[in-house]
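[1] model this:
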Amino acid sequence: MKDRVCIPAHWKWATFGDVATVASDLVDPTLTPEAYHIAPNHIESWTGRLLSFTTVQADGVTSSKHRFHPGQILYSKIRPYLAKAAMAPVAGVCSADMYPVESRIEPRFLLHWILTPWFTGETARNQGRTILPKINRDALATLSVPVAPANEQRRIVAKLDELFSDLDAGVAALERAQANLKRYRAAVLKAAVEGKLTEQWRAEHPDVEPASELLARILKERREKWEADKLAEFKRKGKTPPNGWQEKYVEPSPPNTSGLPVLSKGWCWASVDQVGTVQLGRQRSPKHHQGAHMRPYLLVANVFEDRIDISDVMEMNFTPDEFTTYELHHGDILLNEGQSMELVGRPAMYRDEVPGACFTNTLVRFLAADGVDRDFALKVFLAYLKNGRFQRIATITVNIAHLGAGRFSELEFPLAPVAEQLAIAAELDCHFSLANAAEAALNQSMKRAARLRQSILKRAFEGQLVPQDPADESASVLLERIRAERTPKAGTNGTPKRSRVSTKSGNRK
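    Now for the predicted structure:
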């Protein structure tokens, strides 16, 4: 730590326990339902920015929480590597996974130090647990803190406020641009699946086969294949097909079109079940964790938006028959079956990222029928993810949203003529290529902003951000006074009185 931050000679190193105290004050939040409530998810990593928060009652808080007061530092002790700390602007209660910190030096000076990679790196070396890292207050008290003269601390904080105000304005502009890109993708997808993106294309290609004829051919070919498979099964078993065996075929159900918009000329509504085959993956079970036929498999954690993540792929036993049923093939579309409500139905195309892989029942597979372009189908499902269509058919069990293979099969599907499907997929690829390039540039700018923030902090804690004043009270004298003030006077417990938690309600930023 100290060899990485070269503090000025007139500064001093202290410990966190020398300059701050964890102000533990557990209370029953149900006694003050209108009190403000702040949790780690209300704090942005590395910036000290407090996000929107609300009240105990609005968040449904019932377990014991720490009381905090304005001017205290709220520091998340869980996953300290996330560097979540912020100044408390109001009184309230915070998660028991946080420490309200009372600083004896300039609080914002200490907050800025907490948000440096050097402090966070030291917390990582002192954290307990491996599954859910946490730093306890004893370990926190031993961490190093640089102490500048009090007046210099104030000058540093003022300069940091000035620089970070400009930096935050730039970051906010980048965030707005990212949000606009997200809206742009959703708008382009909406236009694509409604046929608006290819209006000019249709005017230039008036003689293409309409989707209604394509759908009729798909359904006819599906029935013919079923009949051929049944005849082959009868022959394999040495049986004569019984009378009326063709009547056992179950025709895929069309969608309920009441309330659906009128599609573009040449398009028609179909159901997902009519334009492809829907299949739920195999359930995981302890009995499958070993066997003679171990194979890689994908689950919900591997399927992102139009991207298969293979950073963590596990294996499971699939018998030869099971492998035939659940083997993935290039072009299969996988959708999240069980996810958060926001991400349920998130789709991606499998492109042989893990050859010979299977899939579990946390995913639904869609196999497009002949005549349905797989890229077009993927774009339809991406549009449904963006416009909330999957959310409207999902059900919730134990805080997990489930798409449901049956409900997904019954979902309406806007079927375009084959040639127009290909044109739409190509047009969207062009739009997305431009959007992806813009997003990559924005992401690089965001990373540069984060590096600049840390560079500014490094200069601040190396004494290079503001001028020094020899007339300032020295850091040594400041620390001596702090030590003296920490010693309780005879007949007192040294604990300052605090006011009751505010019960004023509302949202704060």
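[2] so what's Gly463 up against?
    7-8, 11, 148 (C-beta atoms under 8 Å, 6 or more residues apart in numbering). In this view, the C-beta of every residue, glycine as well, is placed from N, C-alpha and C.
[3] and of these, the nearest to Phe318?
    Closest approach to Phe318 among the contacts of Gly463 (C-beta to C-beta): Ile7, at 59.6 Å.
[4] could you look up the SS state of that closest one?
    Three-state assignment for Ile7 (DSSP: H, G, I helix; E, B strand; the rest coil): coil.
[5] got the phi/psi numbers for the nearest residue to it once chain neighbours are set aside?
    Taking C-beta to C-beta, 6 or more residues apart in numbering as the measure, Ile7 lies nearest to Pro146, with 4.6 Å between them; neighbours along the chain are not counted. Dihedral angles phi and psi of Pro146 (degrees, to the nearest 10) take the values phi -80, psi 140.
[6] burial check on Pro146, number of neighbours?
    Around Pro146 sit 27 other residues, with neighbours defined as other C-beta atoms under 10 Å.
[7] just the one 10 residues further on next, same as before
    Using other C-beta under 10 Å, Ile156 has 22 neighbouring residues.
[8] tell me if it really is in a strand.
    No: secondary structure assignment (three-state DSSP) places Ile156 in helix, not in a strand.
[9] distance of Leu363 from Pro320?
    Using C-beta to C-beta, to the nearest Å, one obtains 21 Å as the distance from Leu363 to Pro320.
[10] make that Arg202, sorry
    With distances defined as C-beta to C-beta, the gap from Arg202 to Pro320 amounts to 48 Å.
[11] higher neighbour count, the two?
    When neighbours are counted by other C-beta under 10 Å, Arg202 comes out ahead of the other of Arg202 and Pro320, with 19 against 9.
[12] and the helix or strand where the more buried one lies, what other elements does it pack with?
    In this structure, Arg202 sits in helix 199-204 according to DSSP states H and E. Contact analysis of helix 199-204 by 3 or more C-beta pairs under 8 Å, 6 or more residues apart in numbering; DSSP states H and E lists helix 418-461 as its packing neighbours.
[13] helices or strands up against the very next helix or strand once past the helix it packs on?
    Sequence-wise, the next helix or strand downstream of helix 418-461 (DSSP H and E) is helix 475-486. On a contact count with 3+ C-beta pairs under 8 Å, 6+ apart, helix 475-486 meets strand 12-15, helix 16-19, strand 144-147.
[14] quick one: mean pLDDT over the following helix or strand past the second one.
    This points to helix 16-19. For helix 16-19, the succeeding helix or strand toward the C-terminus, using DSSP H and E, is strand 20-22. The pLDDT scores in strand 20-22 average 96.
[15] against which helices or strands is strand 20-22 packed?
    In terms of contact count using 3+ C-beta pairs under 8 Å, 6+ apart, strand 20-22 is assigned the packing partners strand 98-103.
[16] how far does the strand it packs on sit from the chain's center?
    Its chain's C-alpha centre lies 28 Å from the corresponding centre of strand 98-103 when counted by C-alpha atoms, centre = their mean, to the nearest Å.
[17] list the neighbouring strands of that strand plus their orientation.
    strand 20-22 (antiparallel), strand 73-76 (antiparallel) (DSSP bridges).
[18] run through the neighbouring helices and strands of the very next helix or strand once past the shortest one.
    Read it as strand 20-22. The C-terminal neighbour of strand 20-22 among helices and strands, as given by DSSP H and E, is strand 26-27. Using 3+ C-beta pairs under 8 Å, 6+ apart as the contact criterion, the elements in contact with strand 26-27 are strand 65-68.
[19] ok, then the element right after the helix holding Arg202?
    helix 211-236.
[20] how far off helix 418-461 does that following helix point, in degrees?
    Going by axes from the mean of the first three to the mean of the last three C-alpha atoms, to 10 degrees, helix 211-236 is angled at 100 degrees with respect to helix 418-461.
[21] for the record, mean pLDDT for helix 211-236?
    So the average pLDDT for helix 211-236 ends up being 95.
[22] and what of stretch 177-194?
    Confidence over stretch 177-194 (mean pLDDT, whole number) is 95.
[23] low-confidence ranges in the stretch 401-509 of the chain?
    Low-confidence segments of the stretch 401-509 of the chain, defined by pLDDT under 70, are located at 488-509.
[24] let's see 90
    Where the stretch 401-509 of the chain drops to pLDDT under 90, the residues are 485-509.
[25] who's in contact with Asp59?
    By C-beta under 8 Å, 6+ apart, Asp59 lies in contact with 37, 39.
[26] next, find the distance separating the closest residue to Val101 other than its chain neighbours from Ala150.
    Spatial nearest neighbour of Val101, chain neighbours left out: Ile73 (4.0 Å); criterion: C-beta to C-beta, 6+ apart. Going from Ile73 to Ala150 by C-beta to C-beta gives 17 Å.
[27] more neighbours, those two?
    Ile73 (24 against 17).
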